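Student: what's the 3D shape of this:
(2 chains)
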Amino acid sequence: MIRVENLSKSFGKNEVLSNISTQISKGEVVAIIGPSGSGKSTFLRCLNVLETPSSGKILVENHDLTDSKTPIYKMRQQIGMVFQHFHLFPHMTVLENLTYAPIKAKGMKKQTAEQSAKNLLLKVGLSEKESSYPSSLSGGQKQRVAIARALAMEPELMLFDEPTSALDPEMVKEVLEVMKDLAKTGMTMIVVTHEMGFAREVADRILFLDHGVLLEEGQPNDFFTNPKTERAKDFLDKIL
Amino acid sequence: MNLDFGQITPYIPFMLEGIWVTLKFVFVALIFGFILGTLLALCKIGSIRLLNWFAIVYTSIFRGTPLILQLMIFYFAIPQLTGYDISPFLSAILAFGLNSAAYISEIIRAGIQAVDKGQTEAAMALGIPYKQMMKDIILPQAFKNILPALMNEVITLTKESALVSTISVLDLMRRAQVVGSDIYRSFEPLLFVGFIYWLMVFVLSSIGKVIEGRLKVSD
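Tutor: Residues are numbered from 1 along each chain as shown, chains lettered A, B, ... in the order given. This is a model prediction of the structure:
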């Protein structure tokens, strides 16, 4: 469903990603891990062209996102994204956060959008918060709303950019639970994370990035018990 | 000290009519300035070079020259140049509107840039088109931040509007002068309209505070 070919990205002279190629199939859950500054987030942000790749191709369902003729807004509607710092719209209620894009960008009927938003809020356990403003929610609640907001567009693919890194420790679990439930529904997910437990338990595949290079790719069990590269061994020694 | 406010009593209705003239012209100039200022701000933050350049030069000219000079140019120089006999009211609106657009564009630009970049990214990631993102997501948040600065601009404009008395618009200020020369006393009519100006600004800033309070609902 998504194919990355020789993706490179530089900021000025600084090469952040070099020559990454990989393929992710429908329903797969992929965890991207690696030291900070390794280019994980940049890689993820290239996948919906929040960063424009310097070279290489990104094909989603055979549409090349790097081709300027591809209608990027339409493509992004199929790619949900969850950010480290939530980025909910502060001047809208929780329900409005969920229904704005489906109504305004996708042309969904207001009633339909509200109904499906309410279903999603039920799934992430926040039904009682639908008319609250984001400022009154805890970090964990905000992130669950952000996940529901992305899902409200009925995407084919979900990107998570360190979704639990900005949360207080006691709120990490509630967000991870929502993500686990989502994985069980067969959603294709690409997750940049530092939660090794989550990566090991939920991911079908691990991508290990270091200095912008895709060093290792493999099953979680193989990767965590028997990493092939020195760098991955070092990294795992430090964090586990 | 021989103050005698009794002398201006018959002229009070005449002077009060000036409130309407002043308010009408401030209101129109402000709407004009606000719309143009928003467009200029969008030109400044956009990626089209020609528009960036235009907005910057525009702001530089209108902020860099005295307002009274701009007013004179519209009122005296344009008829000379084009033969079109411009009314004092229209030239005042043009000068004040174009002038405040320059200031307002800077206020709005700063307001837009102060909105968290994550908001733009979240909107982009949801596939929301640029125009709607600006209209419904970025500008409402920017507007909330800049309301005090905008209020300041409204107050400045209201007071500066007294400049139009120099091109014979019968505004509050001009009426005070007319009355002054009629009764050979300047102090009382000037003090009277001074109070009216203060009152108008007081009401305006109170309205501003109410709006600010309303926008705080989501905090």
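Student: from here on, contacts and neighbour counts on C-alpha atoms
Tutor: Noted.
Student: what sits up against the biggest helix by length in chain A?
Tutor: Scanning chain A for the helix with the most residues, using DSSP state H, yields helix A:169-184. For helix A:169-184, contacts defined as C-alpha atoms under 8 Å, 6 or more residues apart in numbering or on different chains pick out A:29, A:124, A:139-140, A:143-144, A:163-164, A:189, A:198, A:202.
Student: just how off-centre is the helix or strand just after that helix within its chain?
Tutor: Past helix A:169-184, further along toward the C-terminus, the next helix or strand under DSSP states H and E is strand A:188-192. Chain-centre distance of strand A:188-192: 5 Å, with C-alpha atoms, centre = their mean, to the nearest Å.
Student: what's the answer for stretch A:37-57, then?
Tutor: Using C-alpha atoms, centre = their mean, the offset of stretch A:37-57 from its chain centre is 12 Å.
Student: Now do that stretch: everything it contacts.
Tutor: Stretch A:37-57 is contacted from outside by A:4-10, A:16-17, A:19, A:32-34, A:58, A:64-66, A:75-76, A:79, A:159, A:161-162, A:190, A:192, A:209-213, B:121, B:124-125, using C-alpha under 8 Å, 6+ apart.
Student: Report the buried members of those.
Tutor: A:4-5, A:7-9, A:16-17, A:32-34, A:58, A:64-66, A:75-76, A:79, A:159, A:161-162, A:190, A:192, A:209-213, B:121, B:124-125 (16 or more other C-alpha atoms under 10 Å in any protein chain shown).
Student: Next step: the contacts of stretch A:37-57 restricted to helices.
Tutor: A:75-76, B:121, B:124-125.
Student: what's the burial count for the residue in chain B that chain A sits nearest to?
Tutor: Minimum separation of chain B from chain A (C-alpha to the nearest C-alpha) falls at B:G127, amounting to 4.5 Å. Applying other C-alpha atoms under 10 Å in any protein chain shown, we find 26 residues neighbouring B:G127.
Student: correct me, but it touches A:G80?
Tutor: No - proximity of B:G127 to A:G80 does not meet the contact threshold set by C-alpha atoms under 8 Å, at 9.2 Å.
Student: quick one: pLDDT of residue 40?
Tutor: Since you didn't name a chain, this refers to chain A. Looking at A:K40, its pLDDT stands at 94.
Student: not what I meant, chain B
Tutor: 96.
Student: Report the buried residues of the helix or strand encompassing it.
Tutor: Assigned by DSSP H and E, B:L40 falls within helix B:12-45. Using 16+ other C-alpha under 10 Å as the test for burial, helix B:12-45 gives B:12, B:15-16, B:18-19, B:22-23, B:25-27, B:29-30, B:32-34, B:36-44.
Student: in chain A, which spans are strands?
Tutor: In chain A, the strands defined using DSSP state E lie at A:2-11, A:14-24, A:29-33, A:55-60, A:63-64, A:79-82, A:157-161, A:188-192, A:205-210, A:213-218.
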